[in-house]
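Trainee: need a structure here:
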Amino acid sequence: MKKYIPNTVTSLNLFSGCAATVFALQANYFMATMFIILGAVFDFFDGFLARLLDAHSTIGKDLDSLADDITFGLAPSAIMFSLFKEYPYVTELGALIIPYIAFLIAVFSALRLAKFNNDARQTKSFMGLPTPANALLIAGMANAPQASFLWMDWPEFAMIWQCPGVGTSVLLIITGTVCYLLVSEIPMFSLKQKGKLQYIFITICALLILLSGFFGLAVSMAAYITISWVKMIIETDDVI
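Mentor: Here you go, the predicted model:
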């Protein structure tokens, strides 16, 4: 009986991802983010319970990857798709085609998960951006204020975003960047490991979320990427 418990929790992760996708397509970014966070909680506990109950299985591993690609691949793709729909386009053809580029995030998330499952280097850390971090980055970004800058009244900032092609170009850059990061060879530290870096990062994340709400998630994940990149450069210089 105990072997079914982790898989049940993983299934709840998948269900959360489906709900997040529906809300994302409705441009309800708050609820989409809530379900992505809920999925991340289930994603943490399915592995925790599998280790606690010694209930590891091949089916559980495959199910976990499938659930993760829905919650942390398809759901953020749907968020990005809705964001693409919000901004004016230079041509009608662009408005019809470009938003679907968002679903490359789901494709690269699947590639990242397949790579993780077959990469012996990723037992204690990650190579490339983990899919949950990417999903939280995009979800947090979607909850950012669009008509102001850091919640201060700045009409000029809102006007820039409403210029045809500006918002779309920024989203295209973000989409391309996260797709690259998902399958990159940049080492990313894991929060499952205990250390000074992890504790400092968690403290910073908590402060950012308290100060900025869901937008703090985006800033936190951007900080995670930056810290991992700087750490890689420092360690490479030490080897040289």
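
Trainee: Distance from stretch 195-205 to the middle of the chain?
Mentor: 19 Å (Cα atoms, centre = their mean, to the nearest Å).

Trainee: Run through who's touching it.
Mentor: Under the criterion Cβ atoms under 8 Å, 6 or more residues apart in numbering, residues F189, S190, L191, G216, S220, A223, Y224, I227, K231 lie in contact with stretch 195-205. C-beta: built from backbone N, CA, C; applies to glycine.

Trainee: Swap in 6 Å and give it another go.
Mentor: Residues outside stretch 195-205 that contact it (Cβ atoms under 6 Å, 6 or more residues apart in numbering): L191, S220.

Trainee: could you give the mean pLDDT of that stretch?
Mentor: For stretch 195-205, the mean per-residue pLDDT is 83.

Trainee: and that stretch, which residues are buried?
Mentor: The neighbour-count criterion (16 or more other Cβ atoms under 10 Å) identifies F201, I204, C205 as the buried residues of stretch 195-205.

Trainee: what helix or strand is the first one on?
Mentor: Think F201. Secondary structure from DSSP states H and E places F201 in helix 196-212.

Trainee: will you turn the buried residues of stretch 195-205 into TSV that also has distance to S65?
Mentor: Output for the buried residues of stretch 195-205, formatted as TSV (distance: Cβ to Cβ, whole Å):
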residue	distance to S65
F201	25
I204	29
C205	25
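
Trainee: Nearest to L14 among the residues you listed?
Mentor: For the buried residues of stretch 195-205, the minimum distance to L14 (Cβ to Cβ) is 25.2 Å, reached by C205.

Trainee: Quick check: that closest one vs A110, distance?
Mentor: 26 Å (Cβ to Cβ, to the nearest Å).

Trainee: What is the neighbour count of the closest residue to N134 other than its chain neighbours?
Mentor: Once flanking residues are discounted, N134 sits nearest to V178: 5.4 Å by Cβ to Cβ, 6 or more residues apart in numbering. Neighbours of V178 under the rule other Cβ atoms under 10 Å: 23.

Trainee: So in this structure, where's the weakest helix or strand by average pLDDT?
Mentor: helix 155-161 (a mean of 68; mean pLDDT, DSSP states H and E).

Trainee: Could you point out which residue ranges in the protein have low pLDDT?
Mentor: 1-2, 55, 119-125, 145-158, 236-240 (pLDDT under 70).

Trainee: So which residues of it form helices?
Mentor: 4-25, 29-53, 58-69, 75-86, 92-97, 104-117, 131-142, 155-161, 166-182, 196-212, 215-239 (DSSP state H).

Trainee: okay, these, which one's buried deepest?
Mentor: With neighbours taken as mean count of other Cβ atoms under 10 Å, the helices of the chain reach their highest mean count in helix 131-142, at a mean of 26.

Trainee: Quick one: list the elements packing against it.
Mentor: Packing contacts for helix 131-142, counted by 3 or more Cβ pairs under 6 Å, 6 or more residues apart in numbering; DSSP states H and E, involve helix 29-53, helix 75-86, helix 215-239.

Trainee: Using TSV, lay out these together with distance to I174.
Mentor: Converted to TSV, the helices and strands packed on helix 131-142 look like this (distance: least, Cβ to Cβ, whole Å):
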stretch	distance to I174
helix 29-53	15
helix 75-86	8
helix 215-239	10
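
Trainee: Out of these, which gets nearest to P6?
Mentor: helix 29-53 (4.1 Å).

Trainee: Mind listing residues that contact that closest one?
Mentor: 2, 5-6, 9-10, 12-13, 16-17, 19-20, 23-24, 56, 71, 75, 79, 132, 135, 139, 142-143, 214.
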